[in-house]
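**Student:** below: sequence and its predicted model.
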Amino acid sequence: MRILIELLNWLRIAISPLLVGVLMGGLVYLKKGDDGLVPGMVITAIGGIVGVLWATKIWKKQGTTNFISRNDASPDLDKKQSEN
């Protein structure tokens, strides 16, 4: 079960740069028309590759669950709840 959670968190990390690549590639395509198809696809592929490499590096270094939980944590809100 733990490996499934790690894989899902790995996917969450890898998707972020991929979405940035898709957005940038789409903008290139929209700006240049058919001439922008190949550069747009290359930008999207670079985003995907960066996402895979980054997520794998995080998985090996500290674990994806630790990374995601640290980023999703909100200590400021936790302090406000404990004060009430």
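**Tutor:** Noted; the coordinates are in hand. Residues are numbered from 1 along each chain as shown.
**Student:** grab the nearest non-local neighbour of the one residue sitting closest to the centre of the chain.
**Tutor:** The centroid of the chain falls nearest to Ser16 when counting by C-alpha atoms, centre = their mean (2.2 Å). Leaving aside its chain neighbours, Ser16 sits nearest to Gly51 (6.5 Å; criterion: C-beta to C-beta, 6 or more residues apart in numbering). C-betas here are computed from N, CA, C, even on glycine.
**Student:** show me where this protein has its strands.
**Tutor:** With DSSP state E, there are no strands along the chain.
**Student:** can you give me the buried ones in the lengthiest helix in the chain?
**Tutor:** Counting residues, the longest helix in the chain under DSSP state H turns out to be helix 2-32. Buried residues in helix 2-32, counted by 16 or more other C-beta atoms under 10 Å: 6, 9-10, 13-14, 17-18, 20-22, 24-25, 28-29.
**Student:** hang on, the earlier thing: correct me if wrong: the residue nearest to Ser16 contacts Leu11.
**Tutor:** No: Gly51 lies out of contact with Leu11 (C-beta atoms under 8 Å); the separation is 9.4 Å.
**Student:** from what I can see Ile58 touches Arg12, true?
**Tutor:** No: the criterion here is C-beta under 8 Å, and Ile58 misses it with Arg12 at 10.5 Å.
**Student:** which residues do these two both contact?
**Tutor:** Here Ile58 and Arg12 share the contacting residues Thr64, scored by C-beta atoms under 8 Å, 6 or more residues apart in numbering.
**Student:** and the residue nearest to Ser16, how many residues sit next to it?
**Tutor:** Gly51 has 21 neighbours, counted by other C-beta atoms under 10 Å.
**Student:** shift numbering so it begins at 37
**Tutor:** Yes, from this point I'll number from 37; that puts the last item at Gly87.
**Student:** ok, now which ones touch it?
**Tutor:** Counting by C-beta under 8 Å, 6+ apart, Gly87 makes contact with 49-54, 57.
**Student:** wait, doesn't Ala91 sit right on Glu42?
**Tutor:** No: contact between Ala91 and Glu42 fails when scored by C-beta under 8 Å: they sit 10.3 Å apart.
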